[in-house]
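Chemist: Turn this into a model:
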Amino acid sequence: MASTDSPTVAKDGNDLAGLEAGLDALETRQTSRTPFRQTLTQKILPPVLAVALVLAVWQALVSFKVVDDPTKLPAPSAVWDVVRTAWLQGELLGYIWTSVSRGLLGFCFALLIGTPLGLIVARVKFVRAAIGPILSGLQSLPSVAWVPPAVIWLGLNNSMMYAVILLGAVPSIANGLVSGVDQVPPLFLRAGRTLGATGLKGTWHIVLPAALPGYVAGLKQGWAFSWRSLMAAEIIASFPDLGVGLGQLLENGRNASDMAMVFEAILLILIVGIAIDLLIFSPLERWVLRSRGLLVKS
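Modeler: Model (predicted):
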């Protein structure tokens, strides 16, 4: 009897060991460095080719006289000359910094307001019933609609700029957090209460970590609304004391009928938006996914 059971026991032991090894392999993070060739072909080359294709089509439209009016579509070289001149004159970084500093500071204010507001709306039923629909309506309201009342209320100053950013970004951040809290499994909350994590402790240790994916999505959308709100405010509410940001640069180009300057402003606005996403929100998003085992680091 013992001789017939021993192979079965050994087989079961081997299967169990194999299962444990497989689970350990799944939980083990890959720490090997990604080959440069793979990084080049998968991450660097595709956007470079896309930019090159856009520039080629743009130059073809100008060269083959599809659009033969330079006041409507300047050549890429003309736009580059404007950018180069602004750089040599020391003005280019000033344009960028004026807008980026306002946008990031306004977004930080929106983060401080939108996070507790989102938690209150998500956790208190009466508050959610009262202002939840208002937040959704404010999120769908175009940011440019807030510029005229903000100018009337606060005047042409930086406070007006920050007010427009807050009105555009806070609803997105709050709604993103509400969505994240709604997706927290009830089992997590019950386990937290069993372990004594209630009230603020439960919110900090259970609710917020579990709601991070929705919260990060809300932050990303909130930044997009902040940036668009700021550009709308700078375009509409121009004043010498406010300095020249990217929105004001775009408006200056329109007033001067200088399409090269207009394209310069558009490209800088686009580049700043992409840079903020790549430097801040994409790493944050990858960290959240990786911490949940949804993204393997290679």
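
Chemist: Show me the longest helix that occurs in this protein.
Modeler: helix 92-123 (DSSP state H).

Chemist: wait, what's in contact with the residue nearest the centre of the chain?
Modeler: Taking CA atoms, centre = their mean, the centroid of the chain lies closest to Lys220, which sits 2.9 Å from it. Counting by CB atoms under 8 Å, 6 or more residues apart in numbering, Lys220 touches 277, 281, 285. (Each C-beta comes from the backbone N, C-alpha and C, glycine too.)

Chemist: Closest to Leu187 out of these?
Modeler: Nearest to Leu187 among the contacts of Lys220, counting by CB to CB, is Glu285 at 24.9 Å.

Chemist: re the thing from before, mind checking which of the contacts of Lys220 are in helices?
Modeler: The helices, defined by DSSP H, take in Glu285 from the contacts of Lys220.

Chemist: of the contacts of Lys220, buried ones?
Modeler: Listed as buried from the contacts of Lys220 are 277, 281, 285; burial here means 16 or more other CB atoms under 10 Å.

Chemist: CSV for the residues you listed, including pLDDT and distance to Trp227?
Modeler: Shown next, in CSV, are those (pLDDT from 0 to 100; distance: CB to CB, whole Å):
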residue, pLDDT, distance to Trp227
Asp277, 89, 10
Phe281, 90, 12
Glu285, 87, 17
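
Chemist: Tabulate those residues in a markdown table, adding columns for distance to Ser179.
Modeler: Listed next are the buried ones among the contacts of Lys220 as a markdown table, based on distance: CB to CB, whole Å:
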| residue | distance to Ser179 |
| --- | --- |
| Asp277 | 20 |
| Phe281 | 17 |
| Glu285 | 15 |
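
Chemist: What helix or strand is the residue nearest to the centre of the chain located in?
Modeler: Element membership for Lys220 (DSSP states H and E) is helix 212-236.

Chemist: now do Ser159
Modeler: Here Ser159 sits within helix 158-182, counting by DSSP H and E.

Chemist: Okay, buried residues for the helix holding Lys220 please.
Modeler: Those would be 212-235, for helix 212-236 by 16+ other CB under 10 Å.

Chemist: Can you check what angle separates the next helix or strand along the chain from it from helix 92-123?
Modeler: Counting by DSSP H and E, the next helix or strand C-terminal to helix 212-236 is helix 246-255. Relative orientation of helix 246-255 with respect to helix 92-123: 120 degrees, computed using axes from the mean of the first three to the mean of the last three CA atoms, to 10 degrees.

Chemist: So what touches helix 246-255?
Modeler: Helix 246-255 is contacted by residues 95-96, 98-99, 230-235, 238, 242, 244, 258-262, 264-266, 268-269, 272 when judged by CB under 8 Å, 6+ apart.

Chemist: PyMOL command to pick out the buried ones of those residues?
Modeler: Buried residues within those, by 16+ other CB under 10 Å, are selected in PyMOL with:
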select buried, resi 95+96+98+99+230+231+232+233+234+235+238+242+244+258+259+260+261+262+264+265+268+269+272
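
Chemist: List the residues that contact Ala75.
Modeler: Per CB under 8 Å, 6+ apart, neighbours of Ala75: 59, 62.

Chemist: And it, how far from Lys65?
Modeler: Note on Ala75: its distance to Lys65, by CB to CB, to the nearest Å, is 12 Å.

Chemist: and if you look at Val83?
Modeler: 24 Å.

Chemist: The two: which is more packed in?
Modeler: Counted by other CB atoms under 10 Å, Val83 and Lys65 do not tie: Val83 has more neighbours, with 17 against 8.

Chemist: Next up, the contacts around that one.
Modeler: 92, 264, 267-268.

Chemist: Buried residues in whatever helix or strand Ala56 lives in, which are they?
Modeler: Element membership for Ala56, per DSSP H and E: helix 45-63. Neighbour-count burial for helix 45-63, counted by 16+ other CB under 10 Å, picks out 58, 62.
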